[in-house]
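> missing the sequence, but the structure's below:
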C-alpha cells in the first residue's frame, strides 16, 4: 500500500426498479459503510438525466461520491459487492453501472466526461457509446447485465469532476429497512409547517393550491421524504420541522434538479427532435381543447408557419385552467419535453395577448334595444322602431389571463424543471406555482 492517499470518484446508476430500492440510498449507505477507511471530501452528487428516456426506472437519477483513502482497491471492491448484493438485478429494466476514477486520471478525462454529462441531460445516449468512452479513457468500470447504468455513472463522474453548473440541494431521509414497502408515516401538518417556515429558500415540499404533500414518495423504495432548496442550511432547517417515523440515515446531495439544464433553446419547430426538451417561441394557433383524460391541448405555430401540439396533461391540475384561457394569436414561449410530436408543458411565458371580442346584435339607435335577426342574409331589425342594420357589434372583452411567466403546480413539477422563484431579472410578471 502506498503512503500517498488516493482520491477516488465513484459513479453509480440504475440499481433500483419501479417497485423498490433507490440508487441514492445505496450511495448514502456506501458512504457511511466505508467511512472507517475512506473520507468523503466533497458533497455527494445527484444528477437527473434526460427526463424523456423510456428506459428509466423512476427519476432517471445517477449519483457520485468523492472520497480519499489509503486503499482504493478495498473501496472499489466494497462498492462492487454492495451493488451486486443490493441492486434489483431480477428486474429486467435494472442494469447497474459503476465507474471508478482515481486522481491520476482526473485531468485526462475531465473535459470528455463533463461534456458527456451535459449531453446525457439533454440528449439520448447509447450503452455502446458509454462503454466505448469508458474503454477509450481507460477507466475501471463494472457493467451488470446490459450495463445501461454506465451512461448515468459516467455522467455523475463528469458532474463531480467539473462542478461548475447551476445546482440546488436535496435532503433525503431514508426509512429503516424493516419499514420498506409499508405505508409511510410522515405528519402532513409538519410538512406544511416546514414549507411555511422556509419557502422560498425551499420549494416543492407541498402543493398549497391542490392541498397535497409533494415530498413523500409512494413506491416501495427506502426514501421517506426529500426536501429541496437553495443550499444545505435551508434544507436542513426545513427537515427540522418534519415529524415522522424513525429515520435510518440522511444524505444531502448537490444536484442539477430545478435548473432547466435539460432545455434546449430553438428558433423553430423544424429543429425539434423526439425525446428532447426545448424552449420554443410561437403563436397560439388553435383554441385549447380538453380531450378525454382531462388533458388540455393547443397548437403552436412558429415564425416559419410550422405547427406542433402543446399539452397541459391532467396531472398539471389547475395549470390547465390557465392554458384554457389562451386564444389564437397569443404570443407565447413554451418550455417542455417532446414525445410523440407533443410538447409536455412545464412552464409558459405569455408575451403578448391577442384581443378577444364578443359579437352581438346591433343596438337600435332610436330606442337602444338589441335588434333581432331579420332572416338569413337580411341583417337585423328593431321590432319596435323598424330601424335596420346589416352590421353586428363587436365589443372587446377583458382577458382572464395576463402577460407573464407561469408554471405547473408543485405536484406536477419535473425534477429538472427550474422553479420560477429561481428566475432573476425577468421583464415580465412572474407567477410561481404554490
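Yep, it's here. For clarity, every value in this text was computed on a predicted model and none was experimentally measured. Residues are numbered from 1 along each chain as shown.

> find the nearest non-adjacent residue to residue 82, please.
residue 30 (5.6 Å; CB to CB, 6 or more residues apart in numbering). Using the backbone N, CA and C atoms, a C-beta is placed for each residue, glycine as well.

> helix or strand: which one has that neighbour?
If you go by DSSP states H and E, residue 30 is part of helix 23-33.

> next helix or strand past that helix?
Criterion used, DSSP H and E; the element after helix 23-33 is strand 38-40.

> give the buried residues for stretch 203-214.
203, 204, 205, 206, 207, 213, 214 (16 or more other CB atoms under 10 Å).

> nearest to residue 399, of those residues?
The closest of these to residue 399 turns out to be residue 207 (CB to CB; 26.0 Å).

> number of residues surrounding the residue nearest to residue 82?
By other CB atoms under 10 Å, 23 other residues sit near residue 30.

> cool, and the one 5 residues further on?
Applying the criterion other CB under 10 Å, we find 11 residues in the vicinity of residue 35.

> quick one: it from residue 65, how far?
Residue 35 sits 11 Å away from residue 65, going by CB to CB, to the nearest Å.

> quick one, strands of the stretch 301-434 of the chain?
307-312, 331-339, 342-352, 356-360, 372-373, 380-381, 388-389, 393-397, 404-407, 430-431 (DSSP state E, counting those that start in this stretch).

> counting contacts, what elements does the third one pack onto?
Read that as strand 342-352. Judged by 3 or more CB pairs under 8 Å, 6 or more residues apart in numbering; DSSP states H and E, the packing partners of strand 342-352 are strand 276-284, strand 307-312, helix 319-323, strand 331-339, strand 404-407.

> just how off-centre is the longest helix anywhere in the chain within its chain?
Taking DSSP state H as the criterion, the chain has its longest helix at helix 106-122. Taking CA atoms, centre = their mean, to the nearest Å, one finds the center of helix 106-122 at 21 Å from the center of the full chain.

> what ranges do the strands span in the stretch 101-250 of the chain?
140-143, 168-175, 202-203, 206-207, 212-213, 223-229, 247-255.

> how far does the second one sit from its chain's centre?
The chain centroid and the centroid of strand 168-175 are separated by 16 Å, computed with CA atoms, centre = their mean.

> list the residues that contact residue 124.
Residues near residue 124 by CB atoms under 8 Å, 6 or more residues apart in numbering: 50, 52, 53, 275, 276.

> just curious, which of these is nearest to residue 162?
Closest to residue 162, out of all of the contacts of residue 124 and judged by CB to CB, is residue 50, at 18.8 Å.

> wait, is that closest one part of a helix?
No - note on residue 50: no helix contains this position according to DSSP: H, G, I helix; E, B strand; the rest coil, which reports coil.

> surely residue 351 is in contact with residue 334?
No - here residue 351 lies out of contact with residue 334, judged by CB atoms under 8 Å, at a distance of 11.1 Å.

> who has more neighbours, those two?
A count of neighbours by other CB under 10 Å puts residue 334 above the other of residue 351 and residue 334, at 22 against 16.

> now do that one against residue 383, distance only.
49 Å.

> likewise residue 294?
45 Å.

> swap in residue 53?
Using CB to CB, we find residue 53 at a distance of 67 Å from residue 383.

> what about those two, which has more around it?
residue 53 (16 against 12).

> show the model's pLDDT score for the closest residue to the more buried one other than its chain neighbours.
Spatial nearest neighbour of residue 53, excluding adjacent residues (CB to CB, 6+ apart): residue 60 at 5.7 Å. Residue 60 is assigned a predicted lDDT (pLDDT) of 84.

> can you count the residues close to residue 60?
Per other CB under 10 Å, the neighbour tally for residue 60 reads 22.

> same check on residue 288?
For residue 288, using other CB under 10 Å, the count is 20.

> export the buried residues of stretch 203-214 to JSON lines and tack on distance to residue 190 and pLDDT?
As requested, those are exported to JSON lines (distance: CB to CB, whole Å; pLDDT from 0 to 100):
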{"residue": "203", "distance to residue 190": "17", "pLDDT": "98"}
{"residue": "204", "distance to residue 190": "16", "pLDDT": "98"}
{"residue": "205", "distance to residue 190": "10", "pLDDT": "98"}
{"residue": "206", "distance to residue 190": "10", "pLDDT": "98"}
{"residue": "207", "distance to residue 190": "16", "pLDDT": "98"}
{"residue": "213", "distance to residue 190": "10", "pLDDT": "98"}
{"residue": "214", "distance to residue 190": "14", "pLDDT": "97"}
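
> show me which pair in the residues you listed is furthest apart.
203 and 213 (13.6 Å).

> flag the shaky bits of this structure, pLDDT-wise.
1-3, 57-58 (pLDDT under 70).

> residue nearest the centroid of it?
residue 414 (2.4 Å; CA atoms, centre = their mean).

> residue contacts, that residue?
By CB under 8 Å, 6+ apart, the contact set of residue 414 is 51, 337, 346.

> by neighbours, which of the residues you listed wins?
Comparing the contacts of residue 414 on neighbour count, residue 346 comes out first with 25 neighbours (neighbours: other CB under 10 Å).
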